[in-house]
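Engineer: Got a predicted structure here, sequence first:
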Amino acid sequence: MPSDATLSVVTISFEDPAGLTRTLRSVAEQTYGPIEHIVIDGGSGPDVETLLHQADPSYWQSRPDGGRYDAMNQGIDRATGDVVWLMHSGDCFAGSGSATVAMSALNAAGSVRERWGYGRVRIVGDPTREGLEWGYNPFEMRNFALGIRPIPHQAALFGMDLVRRVGPYDVNFGLAADHLYMLKAAQLELPVVIDAVLCDFDAGGAGSIRPQHEHFADIRRSWDLAGYYPWGRRDITAVASRVVEYSARSKQIARSVLSRRARVGDR
């Protein structure tokens, strides 16, 4: 790697020793260096503390926190690297060279501390989509803000100077606070799109299986907090969002029907 930029990987965890073990191993296997690994555990008990003692990441703590986004903010505040990457418990890099690929792409675009970028993820944990890749290229601000072309958060990395400009994750926003964070980041700097699968995406997580109407309600709330409306006016943008939501729900229903028919046919 031609750059000596340091990477801080922040991992949040709560009562997930198996997932945390996978993430610790995945970070340790990265060929990029130096990597600072910070683990913020929500107080999972002595077994996880023993695991962390043995793994010996750069920094770890195991005590109650205010939830996932509070833990993420705590981890970022502890980070000393030029770039921060949120790789939660259970998340894994796609390969040992993933961090090198991502940091190289960010470095080629200019000062890594002022930029951010994202790559693709490989879907795991969903039998109907297992092994498929997800991630949109090129980046389209309007469609991202509408929820049509979302960014896989675990495949995103952020320069520390930009992180300070964006501010902390909103601990009161809910499960889509990562979307709000990236919307704010994109208003300051357009992301570098990295043409590579960077990590595995567990499609069975809470943010992936919640109802579509909750997701799109959060998308609409994010516009007000970020001060950005994809179609300029909130009323027009809200109509466009409803169309997108109904289309997405129709596709989801169609996939469910086809999946049930396939299961019946296999019997």
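Structural biologist: Received it, and whenever you're ready, just let me know what you need.

Engineer: Return the residues in contact with the most centrally placed residue in the chain.
Structural biologist: Geometric centre of the chain, nearest residue: residue 153, 1.7 Å, by Cα atoms, centre = their mean. Taking Cβ atoms under 8 Å, 6 or more residues apart in numbering, we find residue 153 in contact with 86, 178, 179, 182. Where C-beta positions appear, they are placed from N, C-alpha and C, glycine not excepted.

Engineer: Any idea which helix or strand in the protein has the lowest mean pLDDT?
Structural biologist: Ranking every helix and strand in the chain by mean pLDDT, DSSP states H and E puts helix 206-209 at the bottom, with a mean of 56.

Engineer: Look up the residues forming beta bridges with the spatially closest residue to residue 62 that is not a sequence neighbour.
Structural biologist: Counting by Cβ to Cβ, 6 or more residues apart in numbering, residue 62 lies nearest to residue 41, which is 4.1 Å off, once chain neighbours are set aside. On the basis of DSSP bridges, residue 41 is bridged to residue 13, residue 62.

Engineer: Residue 8 now?
Structural biologist: residue 36, residue 84.

Engineer: What pLDDT is listed against it?
Structural biologist: Residue 8 is assigned 98 on the pLDDT scale.

Engineer: That one: what's it in contact with?
Structural biologist: 35, 36, 37, 38, 79, 80, 81, 83, 84, 85, 160 are the contacts of residue 8 under Cβ under 8 Å, 6+ apart.

Engineer: could you point out which element follows the least confident helix or strand of the chain?
Structural biologist: Counting by DSSP states H and E, the next helix or strand C-terminal to helix 206-209 is helix 212-226.

Engineer: counting contacts, what elements does that next one pack onto?
Structural biologist: helix 141-146, helix 177-188, helix 234-266 (3 or more Cβ pairs under 8 Å, 6 or more residues apart in numbering; DSSP states H and E).

Engineer: try 6 Å
Structural biologist: Packing partners of helix 212-226 (3 or more Cβ pairs under 6 Å, 6 or more residues apart in numbering; DSSP states H and E): helix 177-188, helix 234-266.

Engineer: by how many degrees do that helix and helix 177-188 diverge?
Structural biologist: 40 degrees (axes from the mean of the first three to the mean of the last three Cα atoms, to 10 degrees).

Engineer: which parts of helix 212-226 are buried?
Structural biologist: Neighbour-count burial for helix 212-226, counted by 16 or more other Cβ atoms under 10 Å, picks out 212, 215, 216, 218, 219, 220, 222, 223, 226.

Engineer: Show me how far it is from its chain's centre.
Structural biologist: 17 Å (Cα atoms, centre = their mean, to the nearest Å).

Engineer: can you pull the alpha-carbon coordinates of it into CSV?
Structural biologist: The C-alpha trace of helix 212-226 is given here as CSV (Å, rounded to 0.1, in the frame of the first residue of the first chain):
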residue,chain,number,x,y,z
GLN,A,212,-40.8,-1.5,4.4
HIS,A,213,-43.1,1.3,5.6
GLU,A,214,-40.8,1.9,8.6
HIS,A,215,-37.8,2.1,6.4
PHE,A,216,-39.4,4.7,4.0
ALA,A,217,-40.8,6.7,7.0
ASP,A,218,-37.3,7.0,8.2
ILE,A,219,-36.1,8.0,4.7
ARG,A,220,-38.6,10.9,4.7
ARG,A,221,-37.7,12.0,8.3
SER,A,222,-34.0,12.1,7.2
TRP,A,223,-34.7,14.9,4.7
ASP,A,224,-35.9,17.3,7.3
LEU,A,225,-32.9,16.7,9.6
ALA,A,226,-30.4,16.9,6.7
